[in-house]
Each structure stands twice: as structure tokens, then as C-alpha cells.
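J.: Build the 3D model from these lines:
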Amino acid sequence: MPWQIWERWGDDHLNPAMAQEDPMCWQAWQDNPNAMWNWNGLYRNGVGGNFQAAVPNGQLCSGGRTEGGRYNSLDAVGPWHTTDINNNFTIQLYDQASHGADFFRVYVTRQGFNATTEPLGWDDLELVKQTGRYAPAQNISFDVSVPGRTGRHIVYTIWQASHMDQAYFICSDVTF
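T.: As a prediction, this is how the structure comes out:
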């Protein structure tokens, strides 16, 4: 979410039209503008693959990083802008630091989950893809298929970096 917010409003983040056109982003900017400039801070060290213990229900989009309130607004329930995608899509990541990955796990919310009224929990997700290792590189992409999904969903990606026990968490609001 922060990347998409920054992509839409980064150079124009003081525009008062954001409050009407993109109220969830407006709320996120008001809560903590630093989170929008530091989207790459959504990681946890030392999780050891036990993501459900480290990231509580209702805090998945913030990666459980609620200390100081920096990323709290990313867990806000409401009408976030969505990106239209097909049931077969490609995840493309740019890793400026070339961390590489032990794996990526991609989850999609179950059919019927309503992200505009319900906080995201682990039981709302279905694992749809787990990759293998990726060598350190700046551009990583892989294909995902989720047949039968329609409507609004959240794509939740966990990126287990290969340089150390460091996991990144990415929420994407989409419409299939």
C-alpha cells in the first residue's frame, strides 16, 4: 500500500483533493507521512518463518510494526483504492539493495472477505504461491494464478530475504 500511495500522491502529497479522492491514503498521510516515504521499512527481523506468531491478526498490512504508530494506518479497514488485475498476474518487485530471497509466499483473501468492513486476519487468507530461492538481484518477478477469484481482494506477500532472517510484508488491494 505505501508504494501505491506514494506512486499516486508522492509529489503532490499536500494536495487537499486527496482527502476527497483517496480518503484512506489521506488518512495514512495524516497519521504518519514518514511511513509513505519509508515503505521499505515494513519488515521484521528474527521471525524464523513463524509469521503468524510475529504478526497478529488485524496487523498484517503493517507487518505488526505498530511501535510508534508509523504503519498503523496501513491496517485501517475501509475503501482503499484497488488495482484491477486478472486471475493470472505477475508480481514484480524492485529491490534496490539486491537482498535476494529464500522464498516468497503469496496469499489472497478468500472469496467473500470484505476488506472495506473487516480487519485482515490469517484465517482470511489462502496461500496461493510459494516460490523457491532468488539470487540477489534488483528486479524479481514471478507469475501467480488464482482461478475463480472475483471482486475486491487483498494480495498479501511475504518476502523472506536471503541475506539474513528478515521478512518483508506487502499488502495490495486488488479487484479481480
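J.: Poorly predicted segments of this structure, please.
T.: Of all residues in the chain, those with pLDDT under 70 make up the ranges 1-14, 19, 26, 30, 35-40.
J.: Okay, strands next: where are they in this structure?
T.: 43-45, 83-84, 88-94, 101-109, 125-130, 139-145, 152-161, 166-175 (DSSP state E).
J.: Next, the buried residues of the first one.
T.: Of all the residues in strand 43-45, those buried under the rule 16 or more other C-beta atoms under 10 Å are Arg44. Using the backbone N, CA and C atoms, a C-beta is placed for each residue, glycine as well.
J.: and the closest residue to Ala54 other than its chain neighbours, what are its phi and psi?
T.: The spatial neighbour of Ala54 that comes closest, neighbours along the chain excluded (C-beta to C-beta, 6 or more residues apart in numbering), is Val47 at 4.5 Å. Torsion angles at Val47 (phi, psi; degrees, to the nearest 10) stand at phi -80, psi -30.
J.: burial of the closest residue to Gly48 other than its chain neighbours, as a residue count?
T.: The shortest distance from Gly48 to any residue other than its chain neighbours is 6.1 Å, reached at Asp165 (C-beta to C-beta, 6+ apart). Counted with other C-beta atoms under 10 Å, the neighbours of Asp165 add up to 14.
J.: do the same with Gly100
T.: Gly100 is flanked by 17 other residues according to other C-beta under 10 Å.
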